[in-house]
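Below is the sequence, then the predicted model.
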Amino acid sequence: MAELVADFTLKRLRDWGVHRIYGYPGDGINAFLGAFDRAGGDPELIQVRHEEMAAFMACGHAKFTGDVGVCIATSGPGAIHLLNGLYDAKLDHAPVVAIVGQQAMASLGGSYQQEVDLVTLFKDVAHEFVHMATDPAQMRHLVDRAVRIALDQRTVTCIIVPNDLASEKAVEAPPRKHGTIHSGIGYSRPKVVPEEGDLEHAATVLNESEKVAMLVGQGATHAADEVVQTAELLGAGVAKALLGKAVLPDDLPFVTGSIGLLGTKPSWELMMGCDALLMVGSSFPYSEFLPAEGKARGVQIDLDGRMVSIRYPMEVNLVGDAKETLQALLPKLQRKEDRSWREEIERNVHDWWELIERRAELDADPVNPQRVFSELSKRLPEGAILTADSGSAANWYARNIKLRKGMLGSLSGTLATMGPGVPYAIGAKFAYPERPVFALVGDGAFQMNGMNELITVAKYWERWSDPRFVVLVLHNNDLNQVTWEQRAMEGDPKYEASQVLPDFPYARYAELLGFKGIRVDDPAAVGPAWDEALAADRPVLVEAVTDPEVPPLPPHITLEEARKFMRAVRHDPDRGAVIKESFRQKIEELIPGR
Ligand SMILES: Cc1ncc(C[n+]2csc(CCOP(=O)(O)OP(=O)(O)O)c2C)c(N)n1
Ligand SMILES: [Mg+2]
């Protein structure tokens with residue numbers, strides 16, 4: 001049988017180094033399914049339960065490997081399902097290519113079954129590159145451009161393939177004539193370094209300042225050594241945006257941890273006390289957690305010139321790679337001989353970790369979620385990969401988990417969508433079957449889609465050399481993060497109709513799938529549950545019955561927020577428990593050394 005457009009598309013993707021494509025079938029991509037079969041597993045189609053999950057898995061693959069992630073869906077409904085996962089990738093700058101089927105070319109414009117204007121639909125999410133193929137000779141350059149642009153721009157691109165075109169005979173090399181495109185494979189990231197004068201200027205700002213704060217994001221991922229050297233020279237503390245949590249280990253004494261609403265107190269103190277801010281590879285959005293305008297001098301390093309000076313008015317904007325730019329900057333920096341600022345930061349960090357431990361040990365009804373994360377943190381095996389879902393899990397992941405060198409972690413940083421916890425973990429496990437992977441998710445997110453994707457895990461886990469795929473479900477029967485937002489930001493009581501979740505036996509469900517299910521409703525059982533999970537010979541679900549009244553308080557709480565909060569809890573059906581728990585936490589925070 002002659003090679004079809006679909007076969008050629010997969011072959012071209014394989015030549016780009018794509019060996020796995022997450023997707024779900026439908027008649028818009030039937031020709032591709034035959035082509036996958038003929039491709040003999042390279043690339044392999046990983047069958048998911050919902051196209052949005054395929055996009056999340058492709059995004060997880062991209063985030064954890066740095067390579068392009070690819071997903072495929074049928075025309076109409078399948079394509080539409082992809083969107084939220086693709087937006088997650090776009091907003092977090094993960095390179096993802098979506099291949100989407102379309103109805104037959106002859107039917108387009110005829111209000112045909114499942115006909116959706118896909119170019120328009122994908123025009124926003126894949127605005128850097130979205131095209132529909134209408135001639136077999138286009139396929140080579142559409143694939144080449146979609147992959148290259150996704151990698152170069154760190155974004156989402158999309159190729160739409162009508163189903164009749166996909167079954168036409170492939171044209172591997174367009175004829176050599178006017179009006180044809182002759183593209184090739186390959187992409188290497190360039191070395192981007194700012195101008196010498198700008199580096200000098202940045203060094204002057206940092207050398208003239210006395211209290212330097214650094215904020216690093218995922219853009220600093222390959223610059224850990226340089227970030228540490230810079231922080232050492234400048235006597236700086238380093239805060240991490242959530243997507244940059246794995247950039248530096250949490251056991252370094254000058255790393256203040258996460259920043260923002262889910263952040264830590266030492267990060268807050270670092271930003272409020274500094275006289276210079278050095279931001280590296282981050283677009284952390286919340287300006288109120290950065291120094292007040294004019295209070296600190298600013299230097300920013302970012303590879304994307306569009307992203308500089310949009311969170312804080314910087315004095316020097318360095319457009320360049322984090323690693324290369326810091327390497328060029330380092331010889332120009334003078335070591336700060338007065339280490340008192342650094343010592344203050346280290347004391348704050350030390351006190352914070354003590355506080356975190358004390359908070360985790362507080363009694364709750366029945367289990368304090370912080371304890372679940374702290375006990376896991378102590379036991380994390382080497383090379384662990386963690387994902388967290390949007391919800392209170394993101395708070396405890398941000399604050400209670402101490403990532404060590406060599407570990408990876410991610411979540412939906414910018415879209416902050418519910419749902420990626422389990423599918424990111426699946427993407428991680430396919431990419432690194434030998435590494436233990438942990439998905440930390442709420443019961444709401446698990447009910448939304450995580451539980452369905454465990455069926456995908458049931459289908460594939462036996463091929464993973466390390467079977468440790470561990471899902472933590474925070475069983476609090478509540479959409480807790482939003483419940484606290486209602487209380488603290490709107491001043492409203494918990495609205496039970498929207499917030500209370502139906503009960504469900506999560507651990508028993510895992511057992512149904514052939515996994516190990518561990519239900520924990522006693523604080524003393526938390527540590528042993530993790531030991532058991534880590535020793536398991538199959539995927540594990542740890543169902544922790546946690547107390548929804550433990551507040552994921554911001555690192556500081558404004559008077560206005562506190563006032564609204566108190567007004568709300570007075571009218572809240574659970575108010576007794578709320579007041580007791582939050583007061584204890586607040587007291588712990590306010591009285592150091594207690
Ligand atoms: C797709 C989507 N829908 C709604 C939200 C708003 N939201 C953010 S966190 C959250 C609650 C999550 O509840 P759960 O998963 O049970 O975690 P918990 O906070 O209870 O630990 C909601 C509804 C969102 N971020 N994404
Ligand atoms: Mg919940």
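Looks like it came in fine. What you see is a predicted model, and the numbers here were worked out from it, not measured in a lab. Numbering: from 1, shown residues only. Ligands and ions are numbered 1, 2, ... in the order given.

in the stretch 1-150 of the chain, which segments are predicted with low confidence?
Along the stretch 1-150 of the chain, the parts satisfying pLDDT under 70 run over 1-2.

just the helices in it please.
With DSSP state H, counting those that start in this stretch as the criterion, the stretch 1-150 of the chain has helices at 5-15, 30-39, 51-65, 77-91, 118-121, 139-153.

among the ones you listed, which is the most enclosed?
helix 51-65 (a mean of 29; mean count of other CB atoms under 10 Å). Every residue, glycine included, has its C-beta placed from N, CA and C.

could you dump that helix to CSV, C-alpha only?
Provided in CSV are the C-alpha atoms of helix 51-65 (Å, rounded to 0.1, in the frame of the first residue of the first chain):
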residue,chain,number,x,y,z
GLU,A,51,-8.9,14.8,24.7
GLU,A,52,-8.3,17.5,27.3
MET,A,53,-6.2,14.9,29.2
ALA,A,54,-4.2,14.2,26.0
ALA,A,55,-3.3,17.8,25.9
PHE,A,56,-2.4,17.9,29.6
MET,A,57,-0.2,14.8,29.1
ALA,A,58,1.5,16.4,26.1
CYS,A,59,2.0,19.5,28.2
GLY,A,60,3.4,17.4,31.1
HIS,A,61,5.8,15.7,28.7
ALA,A,62,7.0,19.0,27.4
LYS,A,63,7.4,20.5,30.9
PHE,A,64,9.3,17.6,32.3
THR,A,65,11.5,16.8,29.2
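
How far does that helix sit from its chain's centre?
10 Å (CA atoms, centre = their mean, to the nearest Å).

what kind of secondary structure is Ala525 in?
helix (DSSP: H, G, I helix; E, B strand; the rest coil).

Pull the number of nearby residues for it.
By the criterion of other CB atoms under 10 Å, Ala525 has 16 neighbours.

about what we covered before: closest to Val349 out of the helices of the stretch 1-150 of the chain?
Set against Val349 and scored by CB to CB, the helices of the stretch 1-150 of the chain come closest in helix 51-65, at 26.8 Å.

returning to what we had before: include distance to ligand 1 when you put the helices of the stretch 1-150 of the chain into TSV, please.
Converted to TSV, these look like this (distance: least, CB to the nearest ligand atom, whole Å):
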stretch	distance to ligand 1
helix 5-15	29
helix 30-39	28
helix 51-65	9
helix 77-91	7
helix 118-121	19
helix 139-153	24
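
what would those look like in TSV with distance to Val227?
Shown next, in TSV, are those (distance: least, CB to CB, whole Å):
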stretch	distance to Val227
helix 5-15	35
helix 30-39	42
helix 51-65	19
helix 77-91	24
helix 118-121	40
helix 139-153	24
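
nearest to Leu403, of the ones you listed?
Among the helices of the stretch 1-150 of the chain, if distance is taken as CB to CB, the winner is helix 51-65, at 13.5 Å.

Show me what that closest one is packed against.
Here helix 51-65 touches strand 20-23, strand 69-73, helix 77-91, strand 96-102, strand 408-410, helix 421-431, helix 451-460, going by 3 or more CB pairs under 8 Å, 6 or more residues apart in numbering; DSSP states H and E.

And these: which comes nearest Val316?
helix 77-91 (26.6 Å).

Between the two ends of stretch 151-161, what distance do you get?
For stretch 151-161, the first and last residues are 21 Å from each other (CA to CA, to the nearest Å).

quick revisit: reformat the helices and strands packed on helix 51-65 as TSV; add distance to Ile46.
Putting those into TSV (distance: least, CB to CB, whole Å) gives the following:
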stretch	distance to Ile46
strand 20-23	5
strand 69-73	9
helix 77-91	14
strand 96-102	14
strand 408-410	19
helix 421-431	7
helix 451-460	7
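
if we compare those, which one ends up closest to Gln481?
helix 421-431 (13.1 Å).

ok, now which ones touch the closest residue to ligand 1 within the stretch 251-400 of the chain?
Of all residues in the stretch 251-400 of the chain, Gly391 sits closest to ligand 1, at 2.7 Å by CB to the nearest ligand atom. Counting by CB atoms under 8 Å, 6 or more residues apart in numbering, Gly391 touches Met418, Val441, Gly442, Gly444, Ala445, Leu474, Leu479, Asn480, Gln481.

I'd assumed the fourth one was in a helix, is it?
Right, the one you point to is Gly444. Yes: according to three-state DSSP, Gly444 belongs to a helix.

Which residue comes closest to it once chain neighbours are left out?
Of all residues not flanking Gly444 in the chain, Leu479 sits nearest, at 4.7 Å (CB to CB, 6 or more residues apart in numbering).
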